[in-house]
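Engineer: Requesting a structural model of the entry that follows:
(3 chains)
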Amino acid sequence: MISLTLTVNGADRELVVGANATLLEVLREDLLLTGAKEGCGEGECGACVVLVDGRAVPSCLMLAADLAGRPVETIEGIASDGVLDAMQEAFVEAGAFQCGYCTPATILVAEALLRAHPRPGVDEAKDALDGVLCRCGAQPKVLRAIASLMYGEGGA
Amino acid sequence: MTRYVGRRVARLDARDKVTGRAVFGSDVSLPGMLHGAVLRSPHPHARIVAIDITAARSAPGVAAVVTGRDFPYTFGSAIKDQPFLAIDRVRYVGEPVVAVAAATEAQAQEALAALHIDYEELPAVLEMEDALDPEAPLVHPDLEHYERGSHEIVPGTNINTIYRYARGDVEEGFAAADLVVEHTFTAHAVSHAALETHVAVARYEPAADGYTLWVSTDRPFQVRNELTTALGIPSNRVRLIVGYVGGSFGGKNTLIAETAAVALARHTGGRPVRVELSREEDLIASQLRVPAILTLKTGVREDGLLLARSADILWDSGAYTSNTVGVAIRGAQTVFGPYRIPHLRLLSQQVYTNRAITGSYRGYGTTQVTWACESQMDVIAERLGMDPLGLRLKNGYVEGDPYLNGQIMHGIDLEATLQRAAAEIGWGEPAPDPPEPHLRRGKGLAAMIKPTATPTSSNVVVKVEQDGQVAVLCAAPEIGGGQDTVLAQMAADVIGVPLDAVAISTTDTAVSPFNGPVASSRTTYHVGNAIKQAGEEVRDGVLDLASGVLGVDVARLDLDEGVISEHGVGPRITLAELLGSFGFEGHSIMAEARFTTAGSPLLKAEPGMEWMSSIFWMLATHAVELEVDIETGVVRLIKVAAAHDVGRAINPTTCEQQIEGGVIMGLSNALFEDLAVREGRAGVTGFLDYKLATMHDLPEIVPIIVESDHSEAPFGAKGIGEPAAAATAPAIANAIADALGVRITDLPLSAEKILFALEGDPPETTDRSSMI
Amino acid sequence: MKRLPPFAYFEPATVGEAAGLLAGEPGARALAGGTDLLVDLKSGKERPATIVNLKRIDGLTGVRADGESTWIGALTSVREIEQSDVVGDRHPALAAAAGVLASLPIRRLATIGGNLGRASPASDLAPPLMALGASATVESRSGAREIPVTELFVGPGETVLDHDEIITSVRVPRPAPGMGAAYRKLGKRGGGTDIALVGSAVSVVIDGRVIIEASVILASVGPTPLRSHAAEDVLRGSAPTDAILAEAAAAAAASAVPISDVRAGAAYRTAVSRVLTRRTLRDAVSAARGSAA
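Structural biologist: So this is what the prediction gives:
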């Protein structure tokens, strides 16, 4: 077992985990942050994506032990005091989800995208979002949600 | 006038889902919970000679090891043919054989390596065509002795379903035809691939000798009944609790993760056991779309009038029947398409094979038969030199036409779907020249028809609490389709309360009123009608109460947005004030309703044929514009217009979600998804090779909502979930044929297949060993 | 959830320490990005007793324009390579390959050293690196050596490296005047970021009207990414006409030794090898003309 401090959603969390524990396991099982999901365990579906150092990465392919001291953001840290942030509001408005299983990851990807590029092109947005599978087919409305946030109601 | 129905209100589940707080089946965690893992068959067909569990039982953390003999029950909704864990024999690669429960999931997975099983391999039925061979091994030698429903089987064979239908004289129709075409089409098995894999937590309740299950399912009562029937116990001994479901698409409707969870829970002294399938298990050992081989022979007059069609369909249920029997009967019927054809003959047979279990899949057989029907319609149009749109318009059902059983089609508008989808892609206008010489452009369309399961029923309870809040109790799990929201919109309008005062309950079979499945695109119509009945009663109750309290004739009162008004006077009292005035005594107004489609005059048909009637019919047209790279066979979709006759959209946003999502699933199924099964084994193990469409693959998708007028539908709303995926594949194939002049008759429409069809070379079939 | 098996875990601070750990334990595996290794651990395909995480070693990341070559630390992520101005300016074919290696979240974790060490026949980075004449610096306790990427691979998952050798950097020579290179791949969904059914990387050096040097590489059509000397022979000394490019593409396809697997049939791979090579050659010729101008 390894002792480490993970910085999750701005708070330092002291943990004792196995060397073989993935970040996803630690988030879901030790920290009870179940917004990140496992859809495949192989990094292919992106349902487990969280932000590490502000960048969207698959938490199922990262060892928790490898992340000591690096800031981790999960969907649970996006709304503050129960108030949705602008991206979450945009997803609600556009109906940019269906079953909702991939929604936390999709929102985090979109958040990171807009932090890095406040005005991403459609291809850039698609490239970023390509890493999260959505079997329900919410993609058109996800693009609309992001566009509405950048360009106002209805998008561009 | 309605305040909420017809409006794009935000979904009720939105906040839970965008904050990550939504609790899905996979998120359920209970104190003392153990974790399961399942050892699966490596063989398509084998006898289990011996199972040695000694080492596994003493592996670290292991609490229980269970084999089929330890839990010797079988289940199945149409044929009770499936064991919880294999008993003495395995029938497909991936069949559960031994289940292990341990303190941690890692320990359970590790313990599997300590299990030792001796198999004696048996001759297997690996292809559905081979299953019909009189010499074929029997997948279920005891088929005729299984408990089953009233449908027809062929004892002593692998045929677990046989269904025949005929109308008119098909030979006479062919004789009168100017053109008779015959083709064989194949539709492949595809995975539902919901992002949430199958998962179940089961707890044995020793006092009741029953079980509580936390599951992700779209049909709580039917799964409960499947379980109690299998175990031979009364319904009140099993309780199913369903939270948010991470996608179903027809897949989460039988015992899948539940089998091992229940079998293990029986042996852990009341500690709950969680079993979650890995993606690989979900792909190979949950259930798949039923693959089919469809031979269609169609006779048509020179002017395009369809005269006769015979259809011979072979379906592959895989090793067990699951929910496939209805696919082979009910699903097969729509192979005649949304068209008036006087002379018809259908032979639909379903066989067992030693392959993965198949079952219901968004469309319940409609995607497979629509693939064949609509591909052939374009061949007919081409042979007659007719416009494919014109051919469909000429033969398509219109309001008042009789269906196959004489039911009068009501509340339908196929023509509008055809015209509007076609117009959206500029049908008839030449495609612009492609930007590169190796690219070709094409357009194609396809129509479809689908019934809903009929008759079925829904019960609901609607109650108004003292603070004016409304609770709708029903068993319609939110599987992603926006059920909660559209039901709440209808409840708010019927009762006269604000939308945010309405809550739709989650499902707990111990307390929820009965409902048919969240399947067959039936929820809006059936649960909606039940809510309408109960809601009206509640509203009447509120106004009666207000009449007494206010001393005003009830006819002068109205309830709107939770406020009771008197005509000519204005607002008098709020609902919360009215009920709150009862203080500690309490006053809740409640109504229950059962809605059934049985007995509706709309179902009237020829004598003995009413079972084929549908309370409503769903019609749609998808139109596709695409580009093909003739050097690689790669298809790029440019635009898909999808027009759906939904009756009325309760919420246009959720309606569009279904249409867009259906198109994406349909194009993904058609172009990319392939389990690459060889010798009974899937070649794919995960999403690395089982490819779902992603952002980069999506064309411009234009959802078109066509509204028709159905007299018995709640606010006019029919259904939308299933038809959305059905017409995409043939529309793509028709557009490919338009672009290239080649017709692909077997799914998927892979680039490889297209390239070789174009070049006229058969692809090599060398050994298909994995590369890395 | 798929669980990782237990293993001993080390975070060495130096290459020497890491090499020592690998040398001391035949079952040890080095961990870089982890995007392949962790998947193989979960599936049971690999079961090492020890994992040696290289990410705490200083000096293994970054991209530097280093005089006559570009230095890329082995632990540099594929995403950094994709976005690097140096790589974009000097080696656009490599940047292009990095940009389609996998989905973006994976590209952020995957590393160039891991991609080469993995020795996948379907590697996206190996083909352009081979076409560009890159070499890998490999270190162990006994010292360092430099191996041309064209000589790195032995078979699927196998390199010429000894067990205790670690790829520490990759060096890509600065392109000669008149050089152009290109990379394309075809995945199951046509383009995008799928694993390559066929990958094609080429480079040409054009002097005046004649190709004086050429490198033609194909991926996913053999046990390792392979070089088509026959295609290069066609190109070398010829003017880059459509006919010559087509002839070279046909020669490249003839060098392919694909198998059929769940992703594609051998015949399709061969057919696509020809098409992609012709297209990358066109891209490279036009890039070469641009660079010479």
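
Engineer: For the chain, give me the ranges with low pLDDT.
Structural biologist: Went with chain A since none was named. Counting by pLDDT under 70, chain A has low-confidence residues at A:153-156.

Engineer: switch to chain C, that's the one I care about
Structural biologist: Looking at chain C by pLDDT under 70, you get C:292-293.

Engineer: What ranges does it have for its strands?
Structural biologist: For chain C, the strands defined by DSSP state E cover C:8-10, C:28-31, C:50-53, C:63-66, C:69-73, C:135-140, C:143-148, C:153-155, C:158-159, C:166-173, C:179-187, C:196-207, C:210-219, C:226-227.

Engineer: so what does the second one touch, helix or strand wise?
Structural biologist: Just to be clear, that refers to strand C:28-31. helix C:15-24, strand C:50-53 (3 or more Cβ pairs under 8 Å, 6 or more residues apart in numbering or on different chains; DSSP states H and E). C-betas here are computed from N, CA, C, even on glycine.

Engineer: Run a quick neighbour tally on the residue in chain A positioned nearest to chain B.
Structural biologist: Per Cβ to the nearest Cβ, residue A:35 is where chain A lies closest to chain B, at 2.3 Å. Residue A:35: 24 surrounding residues under other Cβ atoms under 10 Å in any protein chain shown.

Engineer: Correct me if wrong: it contacts residue A:102.
Structural biologist: No - contact criterion Cβ atoms under 8 Å: residue A:35 and residue A:102 do not qualify, at 10.9 Å.

Engineer: which residues touch the nearest residue to the residue of chain A closest to chain B once chain neighbours are set aside?
Structural biologist: Using Cβ to Cβ, 6 or more residues apart in numbering or on different chains and skipping the chain neighbours, the partner closest in space to residue A:35 is residue B:20 (2.3 Å). Contact analysis of residue B:20 by Cβ atoms under 8 Å, 6 or more residues apart in numbering or on different chains lists A:33-36, A:74-76, A:103-104.

Engineer: Tell me which stretches of chain A form helices.
Structural biologist: Per DSSP state H, chain A carries helices over the ranges A:23-25, A:86-94, A:103-116, A:122-129, A:139-151.

Engineer: quick one: the fourth one near chain B?
Structural biologist: I take that to be helix A:122-129. Yes - Helix A:122-129 is in contact with chain B by Cβ under 8 Å from any Cβ of the partner chain, via A:125-127, A:129.

Engineer: Could you do the second one as well?
Structural biologist: Yes - figure legend: helix A:86-94 in contact with chain B (Cβ under 8 Å from any Cβ); contacting residues A:88, A:91-93.

Engineer: quick one: contacts for residue 141?
Structural biologist: Answering for chain A, as no chain was given. Per Cβ under 8 Å, 6+ apart, neighbours of residue A:141: A:94-97, B:653, B:656-657, B:660.

Engineer: meant chain C, my bad for not saying
Structural biologist: Here residue C:141 is in contact with C:16, C:19-20, C:23, C:164 (criterion: Cβ under 8 Å, 6+ apart).

Engineer: Same check on residue B:225?
Structural biologist: With contact set as Cβ under 8 Å, 6+ apart, residue B:225 has these partners: residue B:235.

Engineer: Give me the pLDDT value at it.
Structural biologist: For residue B:225, the model assigns a pLDDT of 97.

Engineer: Residue C:23: neighbouring residues, count only.
Structural biologist: Applying other Cβ under 10 Å, we find 16 residues neighbouring residue C:23.

Engineer: I'd guessed it sits against residue C:142; true?
Structural biologist: No - taking Cβ under 8 Å as the definition, residue C:23 is not a contact partner of residue C:142, at 9.6 Å.

Engineer: can you pull the contacts of the residue nearest to residue B:617 when sequence neighbours are not counted?
Structural biologist: What sits nearest to residue B:617 in space, not counting adjacent residues and going by Cβ to Cβ, 6+ apart, is residue B:412, at 5.3 Å. For residue B:412, the contacting residues are B:397-399, B:617, B:619, B:645, B:708, by Cβ under 8 Å, 6+ apart.

Engineer: ok, now which ones touch the residue of the stretch 101-250 of chain B found nearest chain A?
Structural biologist: Going by Cβ to the nearest Cβ, chain A is nearest to residue B:246 of the stretch 101-250 of chain B, at 3.6 Å. Contact partners of residue B:246, counting by Cβ under 8 Å, 6+ apart, are A:37, A:99-101, B:24-26, B:194-196, B:216, B:480.

Engineer: Checking it next. Helix, strand or coil?
Structural biologist: Three-state assignment for residue B:246 (DSSP: H, G, I helix; E, B strand; the rest coil): coil.

Engineer: Relative to chain C, how far out is it?
Structural biologist: For residue B:246, the distance to chain C (Cβ to the nearest Cβ, to the nearest Å) stands at 14 Å.

Engineer: can you pull the buried residues of stretch B:254-274?
Structural biologist: B:254-268, B:271-274 (16 or more other Cβ atoms under 10 Å in any protein chain shown).

Engineer: What about chain C: which of those touch it?
Structural biologist: Okay, of the buried residues of stretch B:254-274, nothing touches chain C (Cβ under 8 Å from any Cβ).

Engineer: among the residues of helix A:86-94 next to chain B, who's most crowded?
Structural biologist: That'd be residue A:91 among the residues of helix A:86-94 next to chain B, by other Cβ under 10 Å, with 29 neighbours.

Engineer: I'd guessed it sits against residue A:103; true?
Structural biologist: Yes - Residue A:91 is in contact with residue A:103 according to Cβ under 8 Å; the separation is 7.0 Å.

Engineer: joint contacts of these two?
Structural biologist: With Cβ under 8 Å, 6+ apart as the test, residue A:91 and residue A:103 both reach A:97, B:18.

Engineer: was I right about residue A:46 contacting residue A:104?
Structural biologist: No - using Cβ under 8 Å, residue A:46 is not in contact with residue A:104; the gap is 10.5 Å.

Engineer: circling back to that earlier point, how about the contacts made by the residue of chain A closest to chain B?
Structural biologist: Going by Cβ under 8 Å, 6+ apart, residue A:35 touches A:74-76, A:104, B:19-21.

Engineer: one more time with 7 Å, if that's ok
Structural biologist: A:74-76, A:104, B:20 (Cβ atoms under 7 Å, 6 or more residues apart in numbering or on different chains).

Engineer: Now for those residues: which two are most distant?
Structural biologist: A:76 and A:104 (8.3 Å; Cβ to Cβ).

Engineer: out of those two, which sits in the busier spot?
Structural biologist: Neighbour count, other Cβ under 10 Å: between residue A:76 and residue A:104, residue A:104 has more, with 30 against 20.

Engineer: Just want the residue of chain C that's nearest chain B.
Structural biologist: Closest point on chain C to chain B, by Cβ to the nearest Cβ, is residue C:262, at 3.3 Å.

Engineer: Look up phi and psi at that residue.
Structural biologist: Note on residue C:262: its backbone torsions stand at phi -70, psi -20 [degrees, to the nearest 10].

Engineer: Please give me every residue in contact with the closest residue to it other than its chain neighbours.
Structural biologist: Computed as Cβ to Cβ, 6+ apart, the closest residue to residue C:262 that is not its neighbour in sequence is residue B:683, at 3.3 Å. Counting by Cβ under 7 Å, 6+ apart, residue B:683 makes contact with B:675-677, B:768, C:262.

Engineer: go on, residue B:730?
Structural biologist: Residue B:730 touches B:370-371, B:374-375, B:446, counting by Cβ under 7 Å, 6+ apart.

Engineer: for residue B:27, same thing?
Structural biologist: residue A:34.

Engineer: roughly how far apart are it and residue B:201?
Structural biologist: 10 Å (Cβ to Cβ, to the nearest Å).
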